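Asker: pasted the sequence and its predicted model underneath.
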Amino acid sequence: MRTELCDRLGIEFPIFAFTHCRDVVAAVSNAGGMGVLGAVGYTVEQLETELAWIDEHTDKPYGVDVVIPGKYEGMGEMDPIKLEQDLLTMVPDEHRRFVKKILADHNVPELPEDELPPALIGWTEATASPLIDAALRHPKVRLIANALGTPPDEVIQRVHESGRLIAALCGSPKQALHHKDANVDIIIAQGTEGGGHTGDVGSVVLWPQVIDAVYPIPVLAAGGIGTGRQVAAALAMGAEGVWTGSIWLTVEEADQAPAQVESLLAATSRDTVRSRSWTGKP
């Protein structure tokens with residue numbers, strides 16, 4: 001099961017676990033895979049706290065996932081707090097009332113007072129770039145992944161100069177080729193079965209297309225992977241490993257709310273709903 005990418009990253013199994021929970025990151029890395037912490041929504045100070053905790057609980061390599069657009073003008077010079085305030089003023093009151101009604105109709109509990117919702121500013125260069133700087137200050141962080149297209153050239157250069165690898169998600173062969181041309185080290189081909197932002201091409205169709213298109217760049221297969229048989233299928237198609245996410249939401253180490261865990265465990269393969277509330281691929 002060991003692949004060349006395992007040797008490059010110093011891991012035993014080619015299983016990458018994307019998660020927002022530091023406990024899951026440490027557990028997966030300790031088990032021989034690579035935990036990858038999603039940094040969206042964290043401030044630099046919060047991310048430093050999470051990474052310091054992970055460093056204390058594993059001596060194995062792990063990764064950090066950010067969301068940074070490939071093109072931006074002036075966003076990096078904007079004050080993050082002011083940017084968040086400006087964005088919030090653009091949300092109509094009608095939308096706020098609609099959200100409150102949906103939550104009430106479906107008995108969704110309020111967030112605890114000490115828990116803040118993820119900030120929208122995590123999706124901009126203004127906050128993503130400092131998060132990358134924070135991640136690179138931790139030697140055990142061996143991988144930086146971008147979930148929003150091809151990373152900016154200066155980010156790729158910064159990661160390479162630090163001696164790390166950089167990965168990027170894609171939902172089509174065309175986008176994968178953009179990543180290859182930009183000198184991305186690892187391409188994550190996520191089929192439409194994947195949770196979160198995704199594309200329209202099914203995993204079994206997309207994976208071999210991307211693998212062939214970007215050869216010899218290593219490809220991680222993503223989208224709907226939850227069993228060893230699916231991992232074996234991805235490797236048989238030529239993937240260097242698998243990128244998993246939703247499967248980790250219900251593990252013992254996860255910090256999901258009980259109501260969310262119950263909903264996920266009760267769901268079937270026909271219960272997935274696609275929404276336009278978040279950005280998509282390709």
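Answerer: Sure, I can see it.
Asker: any regions of the stretch 101-250 of the chain where pLDDT drops low?
Answerer: Judged by pLDDT under 70, the stretch 101-250 of the chain has its weakly predicted residues at 113-126.
Asker: helices of that one, start to end?
Answerer: Shown for the stretch 101-250 of the chain, the helices assigned by DSSP state H, counting those that start in this stretch span residues 125-136, 153-161, 173-181, 203-214, 228-236.
Asker: distance to Ala147 and mean neighbour count added to those, as CSV?
Answerer: All C-beta atoms are positioned from the backbone trio N, CA, C, and that covers glycine. Formatted as CSV, the helices of the stretch 101-250 of the chain follow (distance: least, CB to CB, whole Å; neighbours: other CB atoms under 10 Å):
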stretch, distance to Ala147, mean neighbour count
helix 125-136, 10, 21
helix 153-161, 13, 15
helix 173-181, 12, 19
helix 203-214, 16, 20
helix 228-236, 19, 15
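Asker: I'd like to know how many residues surround Thr250.
Answerer: The number of residues packed near Thr250 is 14, by other CB atoms under 10 Å.
Asker: and it, what is it in contact with?
Answerer: The neighbourhood of Thr250, defined by CB atoms under 8 Å, 6 or more residues apart in numbering, consists of 256, 261, 264-265.
Asker: the closest residue in space to Cys170 that isn't next to it in sequence and Ala189, how far apart?
Answerer: Using CB to CB, 6 or more residues apart in numbering and skipping residues adjacent in sequence, the residue nearest Cys170 is Ala176, 4.4 Å away. Distance, Ala176 to Ala189, using CB to CB, to the nearest Å: 7 Å.
Asker: what of Asp59?
Answerer: Counting by CB to CB - Asp59 and Ala189 are separated by 30 Å.
Asker: which stretches in this structure count as strands?
Answerer: 15-19, 34-38, 62-66, 141-146, 165-170, 186-190, 219-222, 241-244 (DSSP state E).
Asker: that older thread, keep only those of the contacts of Thr250 that are in helices.
Answerer: 261, 264-265 (DSSP state H).
Asker: want to throw those residues into TSV with neighbour count and pLDDT?
Answerer: Formatted as TSV, the ones in helices among the contacts of Thr250 follow (neighbours: other CB atoms under 10 Å; pLDDT from 0 to 100):
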residue	neighbour count	pLDDT
Val261	14	90
Leu264	16	88
Leu265	9	90
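Asker: of all those, which comes closest to Leu143?
Answerer: Leu264 (26.1 Å; CB to CB).
Asker: how many neighbours does Glu110 have?
Answerer: 7.
Asker: report the contact partners of Tyr215.
Answerer: No contacts exist for Tyr215 under CB under 8 Å, 6+ apart.
Asker: how about it, phi and psi?
Answerer: phi -50, psi 140 (degrees, to the nearest 10).
Asker: in a markdown table: the helices of the stretch 101-250 of the chain, plus distance to Ala52.
Answerer: Output for these, formatted as a markdown table (distance: least, CB to CB, whole Å):
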| stretch | distance to Ala52 |
| --- | --- |
| helix 125-136 | 10 |
| helix 153-161 | 20 |
| helix 173-181 | 31 |
| helix 203-214 | 35 |
| helix 228-236 | 31 |
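Asker: nearest to Trp53, of those helices?
Answerer: helix 125-136 (13.5 Å).
Asker: got the angle between the closest one and helix 153-161?
Answerer: Here the directions of helix 125-136 and helix 153-161 differ by 0 degrees (axes from the mean of the first three to the mean of the last three CA atoms, to 10 degrees).
Asker: tell me what helix 125-136 is packed against?
Answerer: If contacts are counted by 3 or more CB pairs under 8 Å, 6 or more residues apart in numbering; DSSP states H and E, helix 125-136 sits against helix 44-57, strand 62-66, helix 80-89, strand 141-146, helix 153-161.
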